[in-house]
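A.B. asks: here are the coordinates; sequence isn't available:
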């Protein structure tokens, strides 16, 4: 019995919460539902708080893409802080329904929900000069290394010179591998199993 109870307790600690909250801006404390979907792992509140301290509390005029939106926590946090255009890209139909519902409830006219693959959506926006790109792909078997490389390469082409890319991953990314993708590390941190990075494009050669 003790062993079974301990195993249950461990599983409980890694289970996704049923909701997360927007932590700043116009929609502060708004609850976002977290569906029970494989790979869905919302960015922890303290990581989002750190990220938006780095980005600044006022994102007025920013154009952002949340390429693996999930709960929409990152993109909606940006919109809550004044971003004028936010695209939430998601493939899962249940998550899309949640995103559509919450954006309607918030009357979030600056936010567009788009069904599709995050990497493909970024590739379609190459050269458009977006201010911010959020990358939080699902942590999968083998850590989805190829997905991370593809997403970072596509984000580099979509973001403007001087723009910022947020990357959440199961490991820290180093300067050399980022440089090969035309990126450089601006800030980084770690919270439990989550490594998070703020990246800038290297100047075009």
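C.D. replies: Cool, the structure landed. Being a predicted model, the structure only gives us computed values, none of them experimental.

A.B. asks: Which stretches in the chain count as strands?
C.D. replies: 19-21, 31-33, 63-66, 85-90, 111-115, 130-135, 159-169, 183-191, 194-201 (DSSP state E).

A.B. asks: how many other residues sit next to the nearest residue in space to residue 58 that is not next to it in sequence?
C.D. replies: Distance criterion CB to CB, 6 or more residues apart in numbering; nearest residue to residue 58, sequence neighbours excluded, is residue 82 at 5.6 Å. In short, each C-beta sits where N, CA and C put it, glycine included. Residue 82 sits with 16 neighbouring residues when counted by other CB atoms under 10 Å.

A.B. asks: Next up, the contacts around residue 82.
C.D. replies: Shown in contact with residue 82 (CB atoms under 8 Å, 6 or more residues apart in numbering): 25-26, 58-62.

A.B. asks: Can you read off the pLDDT for it?
C.D. replies: Note for residue 82: predicted pLDDT of 97.

A.B. asks: try residue 141
C.D. replies: 52.

A.B. asks: If I follow the layout properly, residue 34 ends up in contact with residue 20?
C.D. replies: Yes. The criterion here is CB atoms under 8 Å, and residue 34 meets it with residue 20 at 6.1 Å.

A.B. asks: Which neighbours do these two have in common?
C.D. replies: Joint contacts of residue 34 and residue 20 (CB under 8 Å, 6+ apart) are 42, 71.

A.B. asks: rewinding a little: got TSV for the strands of the chain, with mean neighbour count and mean pLDDT too?
C.D. replies: Converted to TSV, these look like this (neighbours: other CB atoms under 10 Å; pLDDT from 0 to 100):
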stretch	mean neighbour count	mean pLDDT
strand 19-21	16	85
strand 31-33	16	82
strand 63-66	28	98
strand 85-90	24	98
strand 111-115	19	97
strand 130-135	24	98
strand 159-169	20	96
strand 183-191	15	96
strand 194-201	20	96
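
A.B. asks: Which one, of those, ends up nearest to residue 146?
C.D. replies: strand 159-169 (12.9 Å; CB to CB).

A.B. asks: Tell me where the protein has helices.
C.D. replies: 2-14, 45-55, 73-80, 93-106, 118-124, 145-158, 175-180 (DSSP state H).

A.B. asks: which of those is buried the deepest?
C.D. replies: Highest mean neighbour count among those (mean count of other CB atoms under 10 Å): helix 73-80, with a mean of 28.

A.B. asks: So what touches it?
C.D. replies: 20, 22-28, 30, 32, 42-43, 48, 51-52, 55, 59, 62, 64-66, 69, 86-88, 102-103, 106, 108, 110-111, 132, 134, 136, 166.

A.B. asks: how far is it from where the chain is centred?
C.D. replies: Computed by CA atoms, centre = their mean, to the nearest Å, the chain-centroid distance of helix 73-80 equals 9 Å.
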